[in-house]
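Student: next input, structure requested:
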Amino acid sequence: MSEPETTNVDIRHATSADASALASFITPFVADGKLLPRTVDELMGLLPNCFVAETPDGIVGCAALEIYSAKLAEVRSLAVASQYQRSGLGKRLVERCIEVAHELQVFEVMAITSSERFFKSCGFDFTLPGEKKALFIRTRDEH
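Tutor: Numbering: from 1, shown residues only. Okay, here's the model as predicted:
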């Protein structure tokens with residue numbers, strides 16, 4: 001199978017006009033358990049640092065950078081349409097998020113994912129300098 005062509009894919013900042021289309025785009029990823037559900041209002045809150053990958057036919061990818069503090073941000077809601085997966089499009093979206101973090105001088109960017117190989121290919125790792133690691137505890141069964 002050949003790699004999909006991404007030269008016709010534009011990556012741009014999302015706007016409020018994209019919120020409903022983004023909610024629809026991520027719905028199958030939520031249904032597959034790949035993403036957490038997001039309401040249109042939640043997506044609106046992510047828009048200042050949200051990017052969409054778009055073709056003339058519509059949205060084919062998205063990613064957002066949620067900034068928690070000057071020390072920490074998270075890549076969130078990364079999704080790429082199946083026909084564009086393994087094309088480099090996801091990496092381009094993550095790079096845009098990291099560029100924003102760099103411009104805003106955010107110290108660290110994290111990603112919570114089940115696709116560790118992909119994020120490692122983007123430069124992420126399990127530990128940070130000084131052997132710091134993120135640890136989690138679940139406080140309820142549903143999100």
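
Student: show me the contacts for Thr39.
Tutor: For Thr39, the contact set (CB atoms under 8 Å, 6 or more residues apart in numbering) comprises Ala23. C-beta here means a position set from N, CA and C on the backbone, and glycine is covered the same way.

Student: tell me where the model's unsure across the protein.
Tutor: Scanning the chain with the threshold set as pLDDT under 70 gives 1-7, 128-129, 143.

Student: what ranges does it have for its strands?
Tutor: Taking DSSP state E, the strands of the chain run over residues 10-13, 50-55, 58-67, 72-80, 108-111.

Student: report the buried residues of the last one.
Tutor: Within strand 108-111, the residues that qualify as buried are 109, 111, counting by 16 or more other CB atoms under 10 Å.

Student: over to the longest one?
Tutor: Using 16+ other CB under 10 Å as the test for burial, strand 58-67 gives 59-67.

Student: now tabulate the strands of the chain in TSV and tack on distance to Val94.
Tutor: Shown next, in TSV, are these (distance: least, CB to CB, whole Å):
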stretch	distance to Val94
strand 10-13	11
strand 50-55	10
strand 58-67	6
strand 72-80	6
strand 108-111	8
